[in-house]
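Student: Pasting the sequence and the predicted model now:
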Amino acid sequence: MSTPQTWVAVATVKEVTRRRKLRVEVDGVAIALFHANDRIYAFADLCVHQDRSLAKGTLLHGRVICPGHQWRFDLDTGYEEDQDLCQPTYAVHVDGDTVHIDPTPREVSGRECAS
């Protein structure tokens, strides 16, 4: 049985789309928001590799590229195919001009990572 989602307002759509990436905090946890492909995605801001801020990284071809060692995380899943690892991601809900996230990281299962 899955846990119901608890939505937390974290930004406006305009804040995220204007910059394409934005770092926010929810209960002391840094979350990186990205705007690409007409959607907003949410990742744990600190890279699973060496704790570099993904909000300082680059968006390219449907991937977030870490500024540290250029690991490329898939926007939909958080999966890094060259390293066979996943970056934690969060569910996103947009209501009007408000971006909400579920502050509980998505479950990671094998190569599929977050779905």
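Tutor: Okay, I see it.
Student: And I31, which helix or strand is it part of?
Tutor: strand 29-36 (DSSP states H and E).
Student: Against which helices or strands is that strand packed?
Tutor: For strand 29-36, the packing partners by 3 or more C-beta pairs under 8 Å, 6 or more residues apart in numbering; DSSP states H and E come out as strand 8-12, helix 13-19, strand 21-26, strand 39-44, strand 98-101. All C-beta spots, glycine's among them, are computed from the backbone N, C-alpha and C.
Student: At the geometric centre of this protein, which residue do we find?
Tutor: In the chain, the C-alpha nearest the mean C-alpha coordinate belongs to F43, at 2.0 Å (C-alpha atoms, centre = their mean).
Student: if we can go back for a sec, which one of the helices and strands packed on strand 29-36 lies nearest to L75?
Tutor: strand 39-44 (4.8 Å; C-beta to C-beta).
Student: Check which helices and strands that closest one sits against.
Tutor: Using 3+ C-beta pairs under 8 Å, 6+ apart, strand 39-44 sits against strand 29-36, strand 89-90, strand 92-95.
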